[in-house]
Each structure stands twice: as structure tokens, then as C-alpha cells.
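Participant: predicted model and sequence below, questions to follow.
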Amino acid sequence: MNQTDVMLRIVDMEAVGGAASPEDAISFIAELINRPDPFSDSYESDVYALLRVGACVWAMRKQRP
């Protein structure tokens, strides 16, 4: 799936009420961080990217009314 397809799927999912709660999203991200092989060349960058997404979700959660 290319980046455009991913973005469209995200927008569509949110529009039909399929978005996870911020709490669930953080849990999903934590699960994804446990999946990669720590000996993989991309491990550090993959984990860093997921942590950045988690930080974004956390910040948005705090802004929620």
C-alpha cells in the first residue's frame, strides 16, 4: 500500500467511526513495538517512528475535551 492509499484508508476509517480510542491506539502501538526483530538493521528507526506516532496520539489525547 502506498502512502496515498494509507492516508485515504485512514480518512475513510475515521469517517465511518472506525478510529480507535487514544488509549487503544497507544496499546496498539506498544504491541507493534514488540514485533520487530531487535537485531534488524531497521529496528531502531522503526521503534523511533512508532514512538513518535505514540507521542502524537498522547498529545492529541491530552487536548481532547
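Facilitator: Yes, it's here. Numbers count the residues shown, from 1 in each chain.

Participant: can we go C-alpha only for contacts and neighbour counts from here?
Facilitator: Noted.

Participant: which non-adjacent residue is nearest Leu50?
Facilitator: Nearest residue to Leu50, sequence neighbours excluded (Cα to Cα, 6 or more residues apart in numbering): Ile29, at 6.4 Å.

Participant: which residues are in contact with that neighbour?
Facilitator: Residues counted as contacts of Ile29 (Cα atoms under 8 Å, 6 or more residues apart in numbering) are 50-51, 53-54.

Participant: so which of those residues wins on neighbours?
Facilitator: Gly54 (19 neighbours; other Cα atoms under 10 Å).

Participant: quick check: phi and psi on Gly17?
Facilitator: Dihedral pair for Gly17: phi 80, psi 20, per degrees, to the nearest 10.

Participant: how near is it to Val11?
Facilitator: Gly17 is 10 Å from Val11, where distance means Cα to Cα, to the nearest Å.

Participant: quick one: the helices in this structure, in order.
Facilitator: 3-15, 22-33, 43-63 (DSSP state H).

Participant: higher neighbour count, Gly17 and Val11?
Facilitator: More crowded of Gly17 and Val11, by other Cα under 10 Å: Val11, with 13 against 8.

Participant: per-residue pLDDT, the residue lying closest to Ile33 once chain neighbours are set aside?
Facilitator: The spatial neighbour of Ile33 that comes closest, neighbours along the chain excluded (Cα to Cα, 6+ apart), is Val47 at 5.8 Å. Looking at Val47, its pLDDT is 95.

Participant: can you get me a residue count around Val47?
Facilitator: Every residue meeting other Cα under 10 Å relative to Val47 is counted, giving 19.

Participant: is it in contact with Ala30, as I believe?
Facilitator: No - counting by Cα atoms under 8 Å, Val47 does not reach Ala30; the two are 9.6 Å apart.

Participant: quick one: low-confidence ranges for the protein?
Facilitator: Along the chain, segments meeting pLDDT under 70 span 65.

Participant: I am finished for the moment; much appreciated.
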